[in-house]
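Novice: Compute the structure for the input listed below.
(2 chains)
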Amino acid sequence: MVKLKSNDDKEFEVEEAAVIQSEMIKNMIEDGCATSVIPLPNIDSKTLIKVIEYLNKHINMGKAAETGEEDDLKEFDEQFVNMGWEELFDVIMAANYLNIHELMELCCQSAADRLKNKSVRAVREMLKITNDLTEEEEQEIINDAPWAFEGPEIDDTVN
Amino acid sequence: MMKPSTKNPTIIVEIFSWLPVTSLMQFRCVSRFLNSLVSKSDFVDIHQCRSMTREGAIKLLVRKSEGFYILEQSENGKASRGNFDNLHYDHVMYLNGRIWSPCGDDFASSEEELLYGDDFVSSEEELPCGVDFVPSKEELLSGDDFVSSEEELPCGGDFVSSEEELSCGYDFVSSEEELYYIHL
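Specialist: Residues are numbered from 1 along each chain as shown, chains lettered A, B, ... in the order given. Now for the predicted structure:
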(Lines give C-alpha, C1' and ligand atoms only; values in the text may rest on other atoms or scores of the structure.)
Protein backbone atom coordinates (compact mmCIF):
# COMPACT_ATOMS: atom_id res chain seq x y z
CA MET A 1 0.00 0.00 0.00
CA VAL A 2 1.08 3.55 -0.71
CA LYS A 3 0.05 6.50 1.41
CA LEU A 4 -0.91 9.78 -0.24
CA LYS A 5 -1.41 13.00 1.64
CA SER A 6 -3.59 15.79 0.32
CA ASN A 7 -2.84 19.48 0.87
CA ASP A 8 -5.43 19.60 3.64
CA ASP A 9 -3.47 16.94 5.54
CA LYS A 10 -5.67 13.94 4.93
CA GLU A 11 -4.01 10.62 4.28
CA PHE A 12 -5.23 7.98 1.88
CA GLU A 13 -4.00 4.46 1.42
CA VAL A 14 -3.96 3.19 -2.12
CA GLU A 15 -2.83 -0.12 -3.51
CA GLU A 16 0.46 0.17 -5.28
CA ALA A 17 -0.95 -1.48 -8.39
CA ALA A 18 -3.56 1.27 -8.60
CA VAL A 19 -1.38 4.20 -7.76
CA ILE A 20 1.33 3.43 -10.29
CA GLN A 21 -1.06 4.45 -13.02
CA SER A 22 0.32 7.81 -12.03
CA GLU A 23 3.61 8.12 -13.88
CA MET A 24 4.81 10.59 -11.31
CA ILE A 25 4.22 8.29 -8.35
CA LYS A 26 5.47 5.30 -10.28
CA ASN A 27 8.77 7.09 -10.84
CA MET A 28 8.93 8.06 -7.18
CA ILE A 29 8.44 4.47 -6.12
CA GLU A 30 10.99 3.20 -8.61
CA ASP A 31 13.50 5.75 -7.39
CA GLY A 32 12.86 4.72 -3.81
CA CYS A 33 11.47 8.12 -2.85
CA ALA A 34 8.12 6.81 -1.67
CA THR A 35 9.09 5.20 1.59
CA SER A 36 6.46 6.69 3.89
CA VAL A 37 3.78 9.17 2.90
CA ILE A 38 3.75 10.95 -0.45
CA PRO A 39 2.66 14.54 0.06
CA LEU A 40 0.60 16.07 -2.75
CA PRO A 41 0.67 19.80 -2.05
CA ASN A 42 -1.33 20.64 -5.16
CA ILE A 43 -4.31 18.40 -4.54
CA ASP A 44 -7.09 18.76 -2.00
CA SER A 45 -8.77 15.78 -0.41
CA LYS A 46 -12.02 16.14 -2.35
CA THR A 47 -10.16 15.92 -5.65
CA LEU A 48 -7.83 13.22 -4.43
CA ILE A 49 -10.80 11.04 -3.47
CA LYS A 50 -12.08 11.33 -7.03
CA VAL A 51 -8.69 10.48 -8.46
CA ILE A 52 -8.31 7.44 -6.20
CA GLU A 53 -11.80 6.29 -7.13
CA TYR A 54 -10.72 6.39 -10.76
CA LEU A 55 -7.42 4.63 -10.11
CA ASN A 56 -9.09 1.83 -8.19
CA LYS A 57 -11.67 1.28 -10.88
CA HIS A 58 -9.09 1.27 -13.63
CA ILE A 59 -6.60 -0.88 -11.77
CA ASN A 60 -6.91 -3.82 -14.08
CA MET A 61 -7.53 -2.39 -17.47
CA GLY A 62 -6.14 -5.45 -19.24
CA LYS A 63 -8.27 -7.82 -17.24
CA ALA A 64 -11.40 -5.84 -17.98
CA ALA A 65 -10.86 -6.32 -21.68
CA GLU A 66 -10.61 -10.07 -21.23
CA THR A 67 -13.60 -10.53 -19.04
CA GLY A 68 -15.92 -8.27 -20.97
CA GLU A 69 -16.03 -5.64 -18.28
CA GLU A 70 -15.12 -2.99 -20.77
CA ASP A 71 -18.67 -1.71 -20.99
CA ASP A 72 -18.73 -1.48 -17.27
CA LEU A 73 -15.63 0.66 -17.34
CA LYS A 74 -17.05 2.84 -20.05
CA GLU A 75 -20.15 3.39 -18.01
CA PHE A 76 -18.03 4.22 -15.00
CA ASP A 77 -16.07 6.78 -17.02
CA GLU A 78 -19.26 8.41 -18.23
CA GLN A 79 -20.54 8.66 -14.69
CA PHE A 80 -17.18 9.77 -13.40
CA VAL A 81 -16.98 12.93 -15.50
CA ASN A 82 -20.49 13.88 -14.53
CA MET A 83 -19.40 16.61 -12.14
CA GLY A 84 -19.31 20.38 -11.90
CA TRP A 85 -17.01 22.42 -14.11
CA GLU A 86 -14.74 23.60 -11.29
CA GLU A 87 -14.56 20.09 -9.91
CA LEU A 88 -13.71 18.67 -13.31
CA PHE A 89 -11.01 21.26 -13.73
CA ASP A 90 -9.54 20.32 -10.36
CA VAL A 91 -9.37 16.69 -11.44
CA ILE A 92 -7.70 17.72 -14.70
CA MET A 93 -5.09 19.71 -12.80
CA ALA A 94 -4.50 16.76 -10.49
CA ALA A 95 -4.29 14.28 -13.37
CA ASN A 96 -1.82 16.56 -15.09
CA TYR A 97 0.28 16.89 -11.95
CA LEU A 98 0.22 13.18 -11.17
CA ASN A 99 0.66 12.37 -14.83
CA ILE A 100 -2.22 9.94 -15.18
CA HIS A 101 -2.59 9.79 -18.90
CA GLU A 102 -5.98 8.07 -19.24
CA LEU A 103 -7.64 10.23 -16.63
CA MET A 104 -6.27 13.35 -18.24
CA GLU A 105 -7.69 12.28 -21.57
CA LEU A 106 -11.06 11.38 -20.18
CA CYS A 107 -11.51 14.66 -18.32
CA CYS A 108 -10.12 16.85 -21.09
CA GLN A 109 -12.51 15.25 -23.55
CA SER A 110 -15.35 15.97 -21.22
CA ALA A 111 -14.16 19.55 -20.76
CA ALA A 112 -13.93 20.00 -24.53
CA ASP A 113 -17.45 18.63 -24.93
CA ARG A 114 -18.71 21.20 -22.49
CA LEU A 115 -16.84 24.03 -24.18
CA LYS A 116 -17.55 23.24 -27.79
CA ASN A 117 -20.87 25.04 -28.18
CA LYS A 118 -20.06 27.89 -25.86
CA SER A 119 -19.69 31.48 -26.86
CA VAL A 120 -16.25 33.04 -26.96
CA ARG A 121 -17.20 35.11 -23.94
CA ALA A 122 -18.27 32.03 -21.99
CA VAL A 123 -15.05 30.22 -22.85
CA ARG A 124 -12.99 33.13 -21.56
CA GLU A 125 -14.87 33.09 -18.33
CA MET A 126 -14.75 29.32 -17.88
CA LEU A 127 -11.02 29.16 -18.51
CA LYS A 128 -10.33 32.46 -16.73
CA ILE A 129 -8.64 33.85 -19.79
CA THR A 130 -8.37 37.58 -20.33
CA ASN A 131 -8.96 38.79 -23.83
CA ASP A 132 -5.79 40.39 -25.10
CA LEU A 133 -6.86 40.79 -28.70
CA THR A 134 -7.84 44.12 -30.13
CA GLU A 135 -11.24 44.50 -31.76
CA GLU A 136 -9.57 44.67 -35.17
CA GLU A 137 -7.68 41.45 -34.56
CA GLU A 138 -10.84 39.75 -33.42
CA GLN A 139 -12.66 40.87 -36.51
CA GLU A 140 -9.81 39.62 -38.64
CA ILE A 141 -10.13 36.15 -37.13
CA ILE A 142 -13.86 36.16 -37.76
CA ASN A 143 -13.31 37.21 -41.35
CA ASP A 144 -10.78 34.45 -41.72
CA ALA A 145 -13.31 31.70 -41.12
CA PRO A 146 -16.77 33.25 -41.06
CA TRP A 147 -18.45 29.84 -41.31
CA ALA A 148 -17.22 28.99 -37.83
CA PHE A 149 -19.21 31.83 -36.38
CA GLU A 150 -22.48 31.10 -38.10
CA GLY A 151 -24.08 27.88 -37.24
CA PRO A 152 -26.35 26.65 -34.53
CA GLU A 153 -27.26 28.23 -31.25
CA ILE A 154 -24.31 29.36 -29.24
CA ASP A 155 -24.48 28.75 -25.54
CA ASP A 156 -23.51 31.74 -23.44
CA THR A 157 -23.79 30.11 -20.04
CA VAL A 158 -20.69 29.29 -18.05
CA ASN A 159 -21.22 25.93 -16.46
CA MET B 1 -8.18 25.04 -4.79
CA MET B 2 -6.61 25.30 -8.20
CA LYS B 3 -8.46 27.56 -10.52
CA PRO B 4 -8.46 27.42 -14.28
CA SER B 5 -5.77 29.67 -15.53
CA THR B 6 -3.83 30.41 -18.64
CA LYS B 7 -0.81 30.12 -16.41
CA ASN B 8 -1.03 26.45 -17.18
CA PRO B 9 -1.09 26.37 -20.95
CA THR B 10 -0.51 22.61 -20.99
CA ILE B 11 -4.02 22.05 -19.73
CA ILE B 12 -5.61 24.53 -22.09
CA VAL B 13 -3.79 22.90 -24.99
CA GLU B 14 -4.86 19.46 -23.84
CA ILE B 15 -8.52 20.45 -23.62
CA PHE B 16 -8.45 22.31 -26.91
CA SER B 17 -6.97 19.34 -28.68
CA TRP B 18 -10.31 17.58 -28.17
CA LEU B 19 -12.45 20.34 -29.62
CA PRO B 20 -14.13 20.07 -33.00
CA VAL B 21 -12.68 22.19 -35.77
CA THR B 22 -15.52 24.68 -35.85
CA SER B 23 -15.13 25.44 -32.15
CA LEU B 24 -11.38 25.74 -32.54
CA MET B 25 -11.71 28.27 -35.30
CA GLN B 26 -14.22 30.19 -33.23
CA PHE B 27 -12.18 30.12 -30.05
CA ARG B 28 -9.24 31.69 -31.79
CA CYS B 29 -11.05 34.84 -30.75
CA VAL B 30 -10.65 34.00 -27.08
CA SER B 31 -7.11 35.27 -26.74
CA ARG B 32 -3.86 35.84 -28.54
CA PHE B 33 -2.43 32.62 -27.15
CA LEU B 34 -5.30 30.52 -28.47
CA ASN B 35 -5.23 32.25 -31.81
CA SER B 36 -1.61 31.32 -32.31
CA LEU B 37 -2.08 27.86 -30.81
CA VAL B 38 -4.47 26.76 -33.52
CA SER B 39 -1.93 27.65 -36.17
CA LYS B 40 0.87 25.65 -34.63
CA SER B 41 1.77 22.51 -36.47
CA ASP B 42 2.41 20.43 -33.38
CA PHE B 43 -1.01 21.31 -32.04
CA VAL B 44 -2.57 20.40 -35.35
CA ASP B 45 -0.80 17.04 -35.19
CA ILE B 46 -2.14 16.29 -31.74
CA HIS B 47 -5.59 17.40 -32.75
CA GLN B 48 -5.46 15.11 -35.73
CA CYS B 49 -4.66 12.07 -33.63
CA ARG B 50 -7.34 12.91 -31.11
CA SER B 51 -10.00 13.38 -33.71
CA MET B 52 -9.25 10.01 -35.19
CA THR B 53 -9.75 8.21 -31.92
CA ARG B 54 -13.08 9.74 -31.07
CA GLU B 55 -16.29 8.03 -31.89
CA GLY B 56 -18.77 9.28 -34.39
CA ALA B 57 -18.34 11.85 -37.07
CA ILE B 58 -15.05 13.59 -36.90
CA LYS B 59 -13.32 16.47 -38.48
CA LEU B 60 -9.66 17.07 -38.60
CA LEU B 61 -7.72 20.18 -38.89
CA VAL B 62 -4.87 19.80 -41.30
CA ARG B 63 -2.41 22.51 -41.80
CA LYS B 64 -0.75 22.99 -45.11
CA SER B 65 1.58 25.72 -46.09
CA GLU B 66 -1.19 27.59 -47.81
CA GLY B 67 -3.79 27.25 -45.14
CA PHE B 68 -6.02 24.95 -43.17
CA TYR B 69 -7.99 22.02 -44.31
CA ILE B 70 -10.63 19.97 -42.71
CA LEU B 71 -10.65 16.24 -42.99
CA GLU B 72 -13.93 14.79 -42.11
CA GLN B 73 -15.02 11.30 -41.39
CA SER B 74 -18.66 10.45 -41.16
CA GLU B 75 -20.07 7.75 -38.99
CA ASN B 76 -20.18 5.28 -41.81
CA GLY B 77 -16.45 5.60 -42.22
CA LYS B 78 -16.38 7.68 -45.32
CA ALA B 79 -14.09 10.59 -45.43
CA SER B 80 -13.46 13.76 -47.27
CA ARG B 81 -11.41 16.86 -47.15
CA GLY B 82 -12.71 20.37 -46.89
CA ASN B 83 -11.03 23.57 -47.80
CA PHE B 84 -11.76 26.60 -45.69
CA ASP B 85 -11.41 29.14 -48.39
CA ASN B 86 -13.74 27.97 -51.07
CA LEU B 87 -15.46 25.17 -49.24
CA HIS B 88 -14.70 22.33 -51.51
CA TYR B 89 -14.27 18.72 -50.64
CA ASP B 90 -11.79 16.17 -51.79
CA HIS B 91 -11.73 12.54 -51.03
CA VAL B 92 -9.32 11.44 -48.46
CA MET B 93 -7.63 8.33 -47.31
CA TYR B 94 -6.29 7.48 -43.96
CA LEU B 95 -3.60 4.93 -43.43
CA ASN B 96 -2.24 3.58 -40.20
CA GLY B 97 -3.15 6.63 -38.28
CA ARG B 98 -1.45 8.99 -40.66
CA ILE B 99 -2.84 11.05 -43.40
CA TRP B 100 -1.32 10.40 -46.72
CA SER B 101 -1.11 12.69 -49.60
CA PRO B 102 0.42 10.47 -52.18
CA CYS B 103 -1.00 12.20 -55.17
CA GLY B 104 0.22 9.59 -57.56
CA ASP B 105 -1.14 9.55 -61.04
CA ASP B 106 -3.28 6.59 -60.22
CA PHE B 107 -4.87 8.42 -57.44
CA ALA B 108 -5.51 11.54 -59.27
CA SER B 109 -6.83 9.91 -62.36
CA SER B 110 -9.16 7.48 -60.75
CA GLU B 111 -10.64 8.96 -57.68
CA GLU B 112 -10.46 12.59 -57.69
CA GLU B 113 -13.37 14.77 -57.88
CA LEU B 114 -14.19 17.94 -56.21
CA LEU B 115 -17.38 18.72 -54.55
CA TYR B 116 -18.61 22.09 -53.78
CA GLY B 117 -20.70 22.28 -50.70
CA ASP B 118 -22.41 25.27 -49.26
CA ASP B 119 -22.12 23.87 -45.87
CA PHE B 120 -19.42 21.77 -44.32
CA VAL B 121 -21.53 19.79 -42.01
CA SER B 122 -24.24 18.87 -44.38
CA SER B 123 -22.10 17.80 -47.23
CA GLU B 124 -22.03 14.07 -47.59
CA GLU B 125 -18.89 12.07 -47.76
CA GLU B 126 -18.59 9.82 -50.68
CA LEU B 127 -15.59 7.65 -50.54
CA PRO B 128 -16.23 4.12 -49.46
CA CYS B 129 -12.89 3.52 -47.87
CA GLY B 130 -13.10 -0.14 -47.25
CA VAL B 131 -10.10 -2.18 -46.31
CA ASP B 132 -9.90 -3.38 -49.83
CA PHE B 133 -9.75 0.03 -51.18
CA VAL B 134 -6.97 0.29 -53.67
CA PRO B 135 -6.19 3.55 -55.32
CA SER B 136 -6.39 2.33 -58.85
CA LYS B 137 -9.42 0.18 -58.32
CA GLU B 138 -12.31 0.46 -60.68
CA GLU B 139 -15.47 0.87 -58.75
CA LEU B 140 -14.76 3.49 -56.27
CA LEU B 141 -18.01 5.21 -55.92
CA SER B 142 -21.20 3.40 -55.89
CA GLY B 143 -23.22 5.77 -57.88
CA ASP B 144 -26.53 6.50 -56.34
CA ASP B 145 -25.97 8.27 -53.12
CA PHE B 146 -22.97 9.95 -54.48
CA VAL B 147 -24.87 11.65 -57.23
CA SER B 148 -27.47 12.79 -54.85
CA SER B 149 -25.07 14.58 -52.61
CA GLU B 150 -23.14 17.35 -54.24
CA GLU B 151 -23.41 17.65 -57.94
CA GLU B 152 -21.22 20.48 -58.91
CA LEU B 153 -18.10 19.11 -60.36
CA PRO B 154 -15.51 21.49 -61.55
CA CYS B 155 -15.05 19.66 -64.78
CA GLY B 156 -18.67 20.07 -65.28
CA GLY B 157 -20.96 18.87 -67.96
CA ASP B 158 -20.46 15.24 -68.62
CA PHE B 159 -20.49 13.95 -65.16
CA VAL B 160 -22.31 10.69 -64.95
CA SER B 161 -22.58 8.67 -61.85
CA SER B 162 -21.71 5.28 -63.19
CA GLU B 163 -18.70 3.60 -61.71
CA GLU B 164 -16.90 3.38 -65.00
CA GLU B 165 -17.11 7.00 -65.73
CA LEU B 166 -15.75 7.87 -62.39
CA SER B 167 -13.00 5.40 -62.24
CA CYS B 168 -11.45 6.33 -65.50
CA GLY B 169 -12.46 9.88 -65.23
CA TYR B 170 -9.42 11.65 -66.48
CA ASP B 171 -11.76 14.43 -67.31
CA PHE B 172 -12.39 14.92 -63.69
CA VAL B 173 -8.87 15.59 -62.75
CA SER B 174 -9.15 19.12 -61.74
CA SER B 175 -5.52 19.78 -61.20
CA GLU B 176 -5.94 19.86 -57.48
CA GLU B 177 -2.61 19.91 -55.71
CA GLU B 178 -2.34 17.74 -52.65
CA LEU B 179 -4.93 15.18 -52.00
CA TYR B 180 -5.38 13.48 -48.72
CA TYR B 181 -6.43 9.93 -48.76
CA ILE B 182 -8.00 8.24 -45.87
CA HIS B 183 -7.99 4.55 -45.37
CA LEU B 184 -10.29 3.40 -42.65
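
Novice: check contacts around the closest residue to residue A:10 other than its chain neighbours.
Specialist: Once flanking residues are discounted, residue A:10 sits nearest to residue A:45: 4.2 Å by C-beta to C-beta, 6 or more residues apart in numbering or on different chains. Heads up, the C-betas are built off the backbone N, CA and C, glycines and all. Neighbour list for residue A:45: A:6, A:8, A:10, A:12 [criterion: C-beta atoms under 8 Å, 6 or more residues apart in numbering or on different chains].

Novice: In ChimeraX, select just the buried ones from these.
Specialist: A single ChimeraX command is used to select the members of the contacts of residue A:45 judged buried by 16 or more other C-beta atoms under 10 Å in any protein chain shown:
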select /A:6,12
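
Novice: ok, now how distant is the residue nearest to residue A:10 from residue B:19?
Specialist: Note on residue A:45: its distance to residue B:19, by C-beta to C-beta, to the nearest Å, is 31 Å.

Novice: Return the list of helices and strands in contact with the helix ranked longest in chain B.
Specialist: As assigned by DSSP state H, the longest helix anywhere in chain B is helix B:41-53. Judged by 3 or more C-beta pairs under 8 Å, 6 or more residues apart in numbering or on different chains; DSSP states H and E, helix B:41-53 is in contact with helix B:9-16, strand B:58-64.

Novice: Surely residue A:47 forms part of a helix?
Specialist: Yes: when DSSP: H, G, I helix; E, B strand; the rest coil is applied, residue A:47 is found to be in a helix.

Novice: Grab the most central residue of chain A for me.
Specialist: Among the residues of chain A, the one closest to the centroid is residue A:92, at 2.5 Å (C-alpha atoms, centre = their mean).

Novice: Just the residues contacting whatever helix or strand it lives in, thanks.
Specialist: Assessed by DSSP states H and E, residue A:92 sits inside helix A:85-98. Residues from elsewhere that reach helix A:85-98, judged by C-beta under 8 Å, 6+ apart: A:22-25, A:40, A:42-44, A:46-48, A:50-51, A:81, A:83, A:103-104, A:107-108, A:110-111, A:114, A:126, A:158-159, B:1-4, B:8, B:10-11, B:14-15.

Novice: show me where chain A has helices.
Specialist: A:16-19, A:23-30, A:45-57, A:61-67, A:70-80, A:85-98, A:101-115, A:120-127, A:135-144.

Novice: Select from those the stretch with the lowest mean pLDDT.
Specialist: Lowest mean pLDDT of the helices of chain A: helix A:61-67, a mean of 66.

Novice: Of all the residues in the helix or strand hosting residue B:22, which ones are buried?
Specialist: If you go by DSSP H and E, residue B:22 is part of helix B:21-27. For helix B:21-27, burial by neighbour count (16+ other C-beta under 10 Å) applies to B:21, B:22, B:23, B:24, B:25, B:26, B:27.

Novice: Hmm, residue A:150 and the fifth one touching each other?
Specialist: This points to residue B:25. No: between residue B:25 and residue A:150 there is no contact under C-beta atoms under 8 Å: 11.3 Å.

Novice: Tell me, how many residues neighbour the spatially closest residue to residue A:60 that is not a sequence neighbour?
Specialist: Among residues not flanking residue A:60 along the chain, residue A:17 sits closest, at 7.9 Å (C-beta to C-beta, 6+ apart). Neighbour count of residue A:17, defined by other C-beta atoms under 10 Å in any protein chain shown: 12.

Novice: isn't residue A:17 right up against residue A:59?
Specialist: Yes: contact criterion C-beta under 8 Å: residue A:17 and residue A:59 qualify, at 5.7 Å.

Novice: Could you break chain A into its assigned domains?
Specialist: Chain A breaks down by automatic domain parsing into domains covering A:2-115, A:117-159.

Novice: Looking at these, which one is packed in the most?
Specialist: When the domains of chain A are scored by mean count of other C-beta atoms under 10 Å in any protein chain shown, the highest mean neighbour count falls to domain A:2-115 (a mean of 17).

Novice: Please state the offset of that one from the chain centre?
Specialist: Remark: domain A:2-115 is offset 9 Å from the chain centroid, using C-alpha atoms, centre = their mean, to the nearest Å.

Novice: What's the end-to-end length of that domain?
Specialist: Using C-alpha to C-alpha, to the nearest Å, one end of domain A:2-115 lies 36 Å from the other.

Novice: repeat for stretch A:6-25
Specialist: Using C-alpha to C-alpha, the end-to-end distance of stretch A:6-25 comes to 14 Å.

Novice: So which residues make contact with that stretch?
Specialist: Contact with stretch A:6-25 is made by A:1-5, A:26, A:29, A:34, A:37-38, A:40-45, A:47-49, A:52, A:55-56, A:58-60, A:97-103, B:1, as judged by C-beta under 8 Å, 6+ apart.

Novice: Would the following helix or strand past the helix holding residue B:22 count as contacting chain A?
Specialist: Sequence-wise, the next helix or strand downstream of helix B:21-27 (DSSP H and E) is helix B:32-39. Yes: using C-beta under 8 Å from any C-beta of the partner chain, helix B:32-39 reaches chain A at B:32, B:33, B:34, B:35.
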